[in-house]
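1. this is a predicted model, with the sequence first.
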Amino acid sequence: MAQNPPALEARHLTRRYGTQPAVQDVSFALAPGETLVLLGPSGCGKTTLLRMLNRLVEPDAGTVLVHGQDVRQVPVERLRRGIGYVIQQVGLLPHYTVAENVAIVPRLLGQTDAWIARRTDELLTRLHLPPARFGGQYPHQLSGGQQQRVGLARALAADPPIVLLDEPFGALDPLTRTSIRREFRELPELRQKTMVLVTHDVQEAFELADRILLLDHGRVQQLGTPAELLFRPATAFVREFFAADFLSLQLRVLRLQDILSYLPLEENETPVNAYNSESTTISPTATIQDALQQFNPSFTATPPAPPQPVVWVRGLNPAHPDEPAPLTYPALMGAFARAAQQLQTA
Ligand SMILES: Nc1ncnc2c1ncn2[C@@H]1O[C@H](COP(=O)(O)OP(=O)(O)OP(=O)(O)O)[C@@H](O)[C@H]1O
């Protein structure tokens, strides 16, 4: 049986402006549901590459395939309706209400009023914009973060299998940005989507990407998982690009299960039978960052004293995989430090 084609594939894409190459010979293939983040310094070609995927920019050479089909063989309007597109400037129509903005593409596709009303309500609710309150409002009545969510709802309205996002959180202040990013990551609506997201924010890339494509001067420096780019940089550029954020990126990349063997379970001062239904529990697949946030919700790379003395992890103790085992903050930090040292010298 033939294998399913990638959901989205770029083959040897090149685009010049005058004699200046903006994107040079870039290739990747995404499985359905995968999130690729295009990362790199300003002017490295991220937006040009993204816009070639839905034919807002035509390549000088190379091909884009959607589910195995060359995009040049698909009428461009149909192609774009099958690919959601979210931009930093949001681009809501000012004289349309929130609900009307969200309904634009389904209306073009000839969906019934009842279908559109149901879908709009569902999406606005999921994006924390209660439709009774926000559906009838106009874009200028909303905050930047709320407008950004409407932009996302609009891109998702027709349920496209592919979504392209160009700096979707770029216009927001850092706090709003962090909370919207978390909502975005947890949105059930996006779990099945194949996504390509442009950012120049390294933390954002590590939080959202299955794989990262790091560009410099239009060329691929490395394509791989966040852990591969961090621990096995392909070039000096890749290494230097992440150097300033190295510690905090490690916290996002490493999971509890990766540092299991470094955790001194026998030195634990909390008895196993101290566990009860009120105890905070996390999964071994949680990142160190997520685990540290359980000890202290406002945790950043330099933590203040943790108010939560212990969290519980089921499956931490190989001898008793079904029982929650206590994890303390010093044990976690100590194990993380040992694991990180090992990985850097490996
Ligand atoms: N329409 C255009 N005409 C001429 N040059 C362009 C055009 N669009 C992009 N470029 C050039 O192509 C290069 C890549 O631009 P692009 O916008 O793709 O980069 P980027 O990585 O998205 O940058 P940023 O992070 O600053 O948005 C830049 O040197 C830019 O000046």
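-> Ah, there it is.
2. please enumerate the helices of the stretch 51-200 of the chain.
-> All helices of the stretch 51-200 of the chain, identified by DSSP state H, counting those that start in this stretch, fall at 76-81, 98-102, 104-108, 113-126, 131-134, 144-156, 174-186, 188-191.
3. no no, the stretch 201-346 of the chain
-> Under the criterion DSSP H, counting those that start in this stretch, the stretch 201-346 of the chain carries helices at the ranges 202-208, 226-231, 236-243, 246-253, 288-295, 329-345.
4. mean neighbour count for those helices - can I get that in TSV?
-> Quick note: C-beta positions are derived from backbone N, CA and C, even for glycine. Formatted as TSV, the helices of the stretch 201-346 of the chain follow (neighbours: other CB atoms under 10 Å):
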stretch	mean neighbour count
helix 202-208	21
helix 226-231	20
helix 236-243	15
helix 246-253	18
helix 288-295	21
helix 329-345	16
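5. and those as JSON lines, adding distance to the ligand and mean pLDDT?
-> Below are those laid out as JSON lines (distance: least, CB to the nearest ligand atom, whole Å; pLDDT from 0 to 100):
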{"stretch": "helix 202-208", "distance to the ligand": "13", "mean pLDDT": "90"}
{"stretch": "helix 226-231", "distance to the ligand": "17", "mean pLDDT": "91"}
{"stretch": "helix 236-243", "distance to the ligand": "13", "mean pLDDT": "92"}
{"stretch": "helix 246-253", "distance to the ligand": "20", "mean pLDDT": "86"}
{"stretch": "helix 288-295", "distance to the ligand": "25", "mean pLDDT": "85"}
{"stretch": "helix 329-345", "distance to the ligand": "29", "mean pLDDT": "78"}
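6. between the ones you listed, which gets nearest to Thr281?
-> helix 288-295 (9.0 Å; CB to CB).
7. got the angle for the closest one vs helix 246-253?
-> 80 degrees (axes from the mean of the first three to the mean of the last three CA atoms, to 10 degrees).
8. which bits of the stretch 1-150 of the chain sit near the ligand?
-> Residues of the stretch 1-150 of the chain lying near the ligand by CB under 6 Å from any ligand atom: 17, 22, 40, 42-48.
9. now the helix or strand hosting Leu36, how far from the chain's geometric center?
-> Per DSSP states H and E: Leu36 is located in strand 35-39. Centroid displacement of strand 35-39 relative to its chain, using CA atoms, centre = their mean, to the nearest Å, is 8 Å.
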